[in-house]
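Student: Compute the structure for the input listed below.
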Amino acid sequence: MGARPHVAKIVGFIVGPVVFSVWMNIVGNPHVVETVLGVGISIFAGAWVWRWLVRRQWATAPQKGRR
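Tutor: Residues are numbered from 1 along each chain as shown. You can find the predicted model right below:
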């Protein structure tokens, strides 16, 4: 259980640049507005994946005192 929060953080940091790269490929020749939108979308996606993985870990973790 000790490494899972770190793995969730690393996956979140990887998802952000991947989403940004995909967005830049979709946009083609970006200007300032498209770049700012891409940065915002990638930060949101990375944070969402990180929170989803952390909540999923807590939901599936065994609880003390219960069988």
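
Student: With adjacent residues omitted, what lies nearest to the residue most central in space within the chain?
Tutor: Centroid-nearest residue in the chain: residue 46, 2.3 Å away (criterion: C-alpha atoms, centre = their mean). Spatially, and ignoring its direct neighbours in sequence, residue 46 is nearest to residue 16 (3.3 Å; C-beta to C-beta, 6 or more residues apart in numbering). For glycine as for every other residue, the C-beta is placed from the backbone atoms N, C-alpha and C.

Student: how about the helix or strand encompassing that neighbour: buried residues?
Tutor: Taking DSSP states H and E as the criterion, residue 16 maps to helix 4-27. Residues of helix 4-27 classed as buried by neighbour count (16 or more other C-beta atoms under 10 Å): 8, 12, 15, 16, 19, 20, 23.

Student: again with stretch 27-44
Tutor: Neighbour-count burial for stretch 27-44 [16+ other C-beta under 10 Å]: 38, 42.

Student: Pull the residues that contact it.
Tutor: Applying C-beta atoms under 8 Å, 6 or more residues apart in numbering, the contact partners of stretch 27-44 are 15, 16, 17, 19, 20, 23, 24.

Student: quick one: the top helix by length along the chain to helix 4-27, angle?
Tutor: Ranked by residue count and defined by DSSP state H, the top helix of the chain is helix 32-60. Relative orientation of helix 32-60 versus helix 4-27 (axes from the mean of the first three to the mean of the last three C-alpha atoms, to 10 degrees): 150 degrees.

Student: Mean confidence (pLDDT) on helix 32-60, please.
Tutor: Mean pLDDT, helix 32-60: 88.

Student: ok now it, how far from the chain's centre?
Tutor: Relative to its chain's centre, helix 32-60 lies at 4 Å (C-alpha atoms, centre = their mean, to the nearest Å).
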